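Asks: Everything below, folded, please.
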Amino acid sequence: MLYGILFMELMTMKIKTGYLYHIKDEYFDVIDDENLMQNHERGKKRPTYFTIKDKDILWFIPISSKVDKYKKIIDKKIEKYGFCNTIIIRKIANEDAAILLQNAFPTLEKYIDHVHTINGIPLKVTTDLQNEIKSLFKNMIGLKKRGTNLFFTDIDKLKEKMLEEIK
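Replies: I've put the predicted structure just below:
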């Protein structure tokens with residue numbers, strides 16, 4: 001019964017942290033930021049995004065299936081800095097996936113296209129992985145506030161633009 005209620009909430013676009021979503025093209029038209037990952041790639045489905053709900057703002061963290069590509073980037077960062085916490089490779093739905101924290105950006109519910117499903121069931125990231133992603137993201141936000149920006153786009157400018165839209 002509880003699962004059915006949760007499923008109905010997700011399908012009626014009640015956005016929740018820990019699920020994967022797709023974003024509307026309209027967001028990219030409004031934002032027009034070349035540092036954001038493209039919404040389409042060679043005619044394939046849009047990327048999926050891990051979502052963190054923070055009051056009226058949603059933080060979208062891209063998930064990529066191009067694990068080999070990102071393993072190489074992680075290896076270079078580890079070689080240079082001794083660690084990498086801006087990209088992590090973890091299992092999502094029993095598949096390796098690159099979680100691109102460095103590519104995170106803020107958006108609003110109105111720009112959500114749909115929840116990501118597998119066989120009609122909304123895909124929720126495991127609690128342990130949710131906690132890891134949220135912790136790393138919080139750390140990156142803290143570093144940014146202290147002057148070390150690890151994000152590819154100007155998240156402050158984008159967040160302000162989103163907050164203006166709410167007014």
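Asks: switch to C-alpha atoms for all contacts and neighbour counts from now on
Replies: Fine.
Asks: For Leu20, give me its contacts.
Replies: Neighbour list for Leu20: 48-51, 115-116, 122-125 [criterion: CA atoms under 8 Å, 6 or more residues apart in numbering].
Asks: Mind listing the residues bridging to the residue nearest to it when sequence neighbours are not counted?
Replies: Distance criterion CA to CA, 6 or more residues apart in numbering; nearest residue to Leu20, sequence neighbours excluded, is Phe50 at 4.7 Å. Assessed by DSSP bridges, Phe50 has beta-bridge partners Leu20, Ile61.
Asks: For Phe50, give its distance to Ile74.
Replies: In this view, Phe50 and Ile74 are 19 Å apart by CA to CA, to the nearest Å.
Asks: same question, Ile31
Replies: For Ile31, the distance to Ile74 - CA to CA - is 28 Å.
Asks: Kindly report the same for Met162.
Replies: Taking CA to CA, one finds Met162 at 31 Å from Ile74.
Asks: ok so, going back, what about the residue nearest to Leu20, how many residues nearby?
Replies: 27 (other CA atoms under 10 Å).
Asks: Surely Lys16 is in contact with Asp54?
Replies: No - in this structure, Lys16 is not within contact of Asp54 by CA atoms under 8 Å, at 9.9 Å.
Asks: With neighbour numbers in mind, choose between the two.
Replies: Lys16 (19 against 11).
Asks: Against Ile92, how distant is the more buried one?
Replies: 17 Å.
Asks: again, but for Asp33
Replies: 28 Å.
Asks: the more surrounded of these two?
Replies: Per other CA under 10 Å, whichever of Asp33 and Ile92 has more neighbours is Ile92, with 17 against 13.
Asks: So for whatever helix or strand Tyr27 lives in, mean pLDDT?
Replies: Tyr27 is part of helix 25-31 when elements are defined by DSSP states H and E. Averaged over helix 25-31, pLDDT sits at 86.
Asks: again with stretch 64-79
Replies: On average, stretch 64-79 scores 96.
Asks: neighbours around the residue nearest to Thr153 when sequence neighbours are not counted, how many?
Replies: For Thr153, ignoring the flanking residues on the chain, the nearest one in space by CA to CA, 6+ apart is Asn35 at 5.3 Å. By other CA under 10 Å, the residues close to Asn35 number 11.
Asks: how close does Asn35 sit to Asp154?
Replies: For Asn35 relative to Asp154 (CA to CA), the value is 8 Å.
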